[in-house]
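Student: no sequence on hand, only this structure:
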């Protein structure tokens, strides 16, 4: 049995096979977790039924969904799942960029004041009942 240390792990990551497989595995895991997130809720819909409904409306393939299933999956859970997926991937990418930019593996948003600015905006919103989104629209 081989002993794993820092050098063997770094050599394994640099292997060209992992460079091609890793994005595919991450995309598949994202799709699986997106489907799993759409299953959880008060109204029960099975994992495979969720994908049948999504395939029906995206690809016009599969069985017709009932009106309640269509509303629950397509109009409520799917947009929330896509939004969560996009926000999470954006936060991960910006965190990686920040760590690379500052060459610090422990870099966080507080390093450049992003957390303080977000806190200030949140406090201003709650204290003064000022909605920036409505003013911009």
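Tutor: Noted; the coordinates are in hand. Remember, predicted model here, so these are calculated numbers, not experimental data. Numbering: from 1, shown residues only.
Student: where does this structure dip in pLDDT?
Tutor: For the chain, the stretches with pLDDT under 70 are 1-18, 129-137.
Student: just the element for the residue positioned nearest the centre of it, please.
Tutor: The residue lying closest to the centre of the chain (C-alpha atoms, centre = their mean) is residue 85, at 2.3 Å. According to DSSP states H and E, residue 85 maps onto helix 78-102.
Student: the helices in the chain, which residues?
Tutor: Counting by DSSP state H, the chain has helices at residues 6-14, 16-39, 47-59, 67-69, 78-102, 114-128, 132-136.
Student: most neighbours per residue, which of those?
Tutor: Ranked by mean neighbour count, the helices of the chain are led by helix 47-59 with a mean of 16 (mean count of other C-beta atoms under 10 Å). All C-beta spots, glycine's among them, are computed from the backbone N, C-alpha and C.
Student: that helix vs helix 78-102, what angle?
Tutor: 90 degrees (axes from the mean of the first three to the mean of the last three C-alpha atoms, to 10 degrees).
Student: could the helices of the chain be laid out in JSON lines, adding distance to residue 108?
Tutor: Compiled in JSON lines, those are given as follows (distance: least, C-beta to C-beta, whole Å):
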{"stretch": "helix 6-14", "distance to residue 108": "24"}
{"stretch": "helix 16-39", "distance to residue 108": "23"}
{"stretch": "helix 47-59", "distance to residue 108": "35"}
{"stretch": "helix 67-69", "distance to residue 108": "41"}
{"stretch": "helix 78-102", "distance to residue 108": "8"}
{"stretch": "helix 114-128", "distance to residue 108": "8"}
{"stretch": "helix 132-136", "distance to residue 108": "24"}
